[in-house]
Structure formats: structure tokens, C-alpha cells
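J.: this one's sequence-less:
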Ligand code: SF4
């Protein structure tokens with residue numbers, strides 16, 4: 001089947017989001033100097049600037065954010081600041097793309113370092129999704145509603161939106177699956193197999209009704225009968241950070257801290273969710289742990305910056321630790337350094353925009369349709 005949405009070549013992608021590296025003069029600055037200069041530039045841009053910070057962002061950066069949150073919460077903030085000319089997104093690339101699509105035409109979205117990507121998002125390429133869709137048709141599989149996690153490229157969101165599907169986040173995945181099942185017999189969910197499996201299982205769909213589609217195999221490595229029996233077709237993708245959490249870690253932490261409660265993000269594997277006491281989005285994790293009784297002890301299975309901040313916030317009344325004793329760091333999120341933030345802001349003060357993220361016009365309409373379906377499903 002021919003693509004309805006023009007796909008970009010690597011050159012075109014580079015042309016639209018052209019990366020400019022950090023100038024050398026922004027290296028080797030002291031923390032105190034960076035703090036003072038970021039604060040000064042931010043003050044000069046007041047009213048024209050909004051800084052969004054994802055929960056996984058490092059402390060030295062997120063302290064300058066006007067709004068913090070998960071992808072869903074930050075996407076919702078865009079509409080609340082129409083007066084801002086610049087949206088500086090301290091997160092990763094797919095988040096900035098969504099912001100660009102949801103922003104007003106006069107607003108420019110900036111990702112301080114364009115190399116801040118997401119390994120999960122990279123596991124679903126537009127040509128792979130096109131092949132998958134075409135092969136499902138060849139296999140004679142009816143009633144497939146595509147749903148993509150917000151952790152995917154705008155080109156994937158546009159493809160899904162154009163074919164009657166939606167975007168979801170970990171906060172509203174179950175609601176989105178219910179929305180999809182009202183429109184079809186089965187859901188093709190990408191790119192995170194774990195979020196798809198964990199959410200569907202919680203909704204009462206047995207594992208036997210789920211298959212994993214391997215985009216590197218012809219027909220996903222499946223035969224038509226397997227897919228016809230399935231209600232969930234799960235893309236073979238995952239988060240390289242959350243896959244590090246394991247059941248043996250839970251067993252160990254329970255032995256070391258009798259009475260401890262374990263809470264994990266649904267991007268972890270199914271058996272880890274089953275062994276934990278609770279699972280949910282980052283917003284759910286924050287709310288649950290903050291509202292727990294004084295004296296509670298928690299092991300948290302998500303990115304380490306969120307866990308450490310929560311631990312500092314709630315100490316000494318509650319004890320919070322990472323489920324992985326070495327901590328799980330999102331290394332791409334970590335690329336947004338205070339040096340990059342300082343450079344971006346000082347250049348904006350001088351009227352220069354660097355590292356702007358722009359979704360091509362050809363993809364904007366259907367990406368917006370898919371994102372609007374997400375924002376109206378909760
Ligand atoms: S934590 Fe995982 S899913 Fe989230 S941005 Fe990092 S690599 Fe992507």
C-alpha cells in the first residue's frame with residue numbers, strides 16, 4: 001500500500017531539525033555561574049518563554065522549569081501558555097515534536113540538545129509500520145485499530161491518526177484501549193510491548209489473547225491464525241531504562257526491608273508488575289507514594305532522577321529508594337545539561353533560535369488528530 005503521508009529522508013529530517021552543537025565557551029562553567037546566568041536570561045525572557053521539564057530530567061535543569069510532569073501533563077500545558085513565543089522543552093525529541101504540533105503557529109519549540117532522543121521511540125520506524133499495516137491486510141486481519149504510545153515519532157503518530165487510531169500515555173492507556181475496542185476487534189499497539197501487555201492484562205485480556213509483532217520478521221514472525229485469535233498485537237519494542245528492573249530485584253529488596261512496598265512503571269516487564277505491589281504512570285507513582293502513611297518504605301521502579309527527588313522530598317517521614325540499587329538513568333534525557341539550557345536561553349535573549357524542533361506540515365494534521373484524541377481520552 002502506498003504511503004498517504006510523505007515520509008522524510010534522513011536529509012530532510014536533518015534540514016527540518018538542524019542540530020547546532022554547544023559552543024565551546026559554554027563548557028567548563030561553574031554551577032554557580034550557570035545558575036546565575038540561566039536565572040538572569042530567564043528573567044529577561046519573562047512572558048515570552050515557557051520551560052517544560054519532564055520528571056526524568058536532572059535536578060540542575062528541572063529546577064528552572066515553569067511546569068514539570070510526565071508527557072501527558074506537559075502536553076496539556078502547551079495550551080495554557082499561548083502568549084509565550086518560545087517553548088523550551090527539557091525532555092526528549094518526541095516530546096518536543098508533540099509540543100510543536102500542539103503549539104500555536106507563532107510559538108517555536110526548542111530542544112536544548114537535539115541528540116536527546118528515546119531508544120523506545122527509535123524502535124518503531126515509519127517504513128516498518130507501513131509494512132506491518134500492509135502485511136496485516138495481506139493476512140486478512142480485520143478490525144485493527146492502531147494506537148501508539150506518546151513515546152513515538154510524529155511520523156508514527158500521523159500514520160496512526162490517519163488510520164483512525166490514537167496516541168496514548170501511560171496515564172490514559174487503559175482508557176484509550178477501551179476507546180479503540182469500541183471501534184474495532186483488536187488493537188495494534190506500538191512501540192512498547194510492556195505497556196501494552198500490562199495495560200491489557202489489567203483490563204482482563206489474558207496473555208493468550210496477545211501476540212508480539214517483530215518488525216524485523218516477515219509478517220511479524222506470526223501466522224495469520226495466531227493474529228486472528230489475538231485481541232492485542234504488541235510491537236516488539238521496549239524502554240532500555242525500564243527493562244532493567246527485574247523480579248530478583250524485588251525479591252532482594254523485600255528480604256532486605258521487610259514490609260517495604262514496591263511500585264513500578266508499566267514500561268517494566270509483565271512479571272515485574274505482577275511481583276510489585278502497585279504500578280502506574282509517573283504521576284500515579286508520585287501521588288501514591290506522597291499519599292502513603294508516614295513511616296512507609298518504598299522501592300520505586302522508574303528513572304532514578306524522579307526517585308531521588310521523591311526520596312529527598314519525603315524524607316524523613318517516608319523512605320524511598322530505587323528498586324535497582326545502581327539506579328536506572330535515562331541517558332538521552334541526561335543530555336539536556338544546564339550548559340545547553342544556558343546557551344539556548346542567552347541566544348534567545350539576543351534573538352537567535354537554535355535547535356528548534358519542527359514537525360513537517362505534511363505530518364502535522366494527522367499527528368494533531370491523534371494527539372487530540374489522546375487529550376480527550378482520560
Ligand atoms: S526512560 Fe525510556 S521511554 Fe522514557 S525517554 Fe528514556 S528511553 Fe525513552
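T.: Right, received. Where do you want to start? Remember, it's a predicted structure, so these values are computed and weren't measured experimentally. Numbering: from 1, shown residues only.
J.: okay, now residue 293: neighbour count?
T.: Residue 293: 7 surrounding residues under other Cβ atoms under 10 Å. Every residue, glycine included, has its C-beta placed from N, CA and C.
J.: How confident was the prediction at the most centrally placed residue in the chain?
T.: Nearest to the geometric centre of the chain sits residue 151, at 3.9 Å (Cα atoms, centre = their mean). For residue 151, the pLDDT comes out at 96.
J.: ditto for residue 73
T.: On the pLDDT scale, residue 73 gets 84.
J.: try residue 17
T.: 53.
J.: And for residue 325?
T.: pLDDT at residue 325 comes out at 87.
J.: Wait, a helix at it?
T.: No. Counting by DSSP: H, G, I helix; E, B strand; the rest coil, one finds residue 325 to be coil, located in no helix.
J.: Which residues are in contact with it?
T.: Neighbour list for residue 325: residue 249 [criterion: Cβ atoms under 8 Å, 6 or more residues apart in numbering].
J.: before we move on, what about residue 341?
T.: Contacts of residue 341 (Cβ under 8 Å, 6+ apart): 38, 51, 61, 64, 88, 90, 112.
J.: Quickly note the distance from it to residue 60.
T.: 9 Å (Cβ to Cβ, to the nearest Å).
J.: Same check on residue 103?
T.: 26 Å.
J.: So for these two, which residue has more residues nearby?
T.: More crowded of residue 103 and residue 60, by other Cβ under 10 Å: residue 103, with 19 against 16.
J.: Point out the residues in the stretch 1-150 of the chain that sit beside the ligand.
T.: 56, 92, 118, 119, 120 (Cβ under 6 Å from any ligand atom).
J.: redo that, cut-off 8 Å
T.: By Cβ under 8 Å from any ligand atom, the residues of the stretch 1-150 of the chain that approach the ligand are 54, 56, 91, 92, 94, 117, 118, 119, 120, 121.
J.: ok, the fourth one - contacts?
T.: Shown in contact with residue 92 (Cβ under 8 Å, 6+ apart): 54, 111, 116, 117, 118, 121, 330, 332, 333.
J.: got a winner among those for most neighbours?
T.: Top of the contacts of residue 92 by neighbour count (other Cβ under 10 Å): residue 111, with 30 neighbours.
J.: Give me the nearest residue to it, chain neighbours excluded.
T.: The shortest distance from residue 111 to any non-neighbouring residue, by Cβ to Cβ, 6 or more residues apart in numbering, is to residue 96 (4.2 Å).
J.: Just flag the most distant two among the residues of the stretch 1-150 of the chain next to the ligand.
T.: Farthest pair in these (Cβ to Cβ) is 54 and 119. Separation: 15.2 Å.
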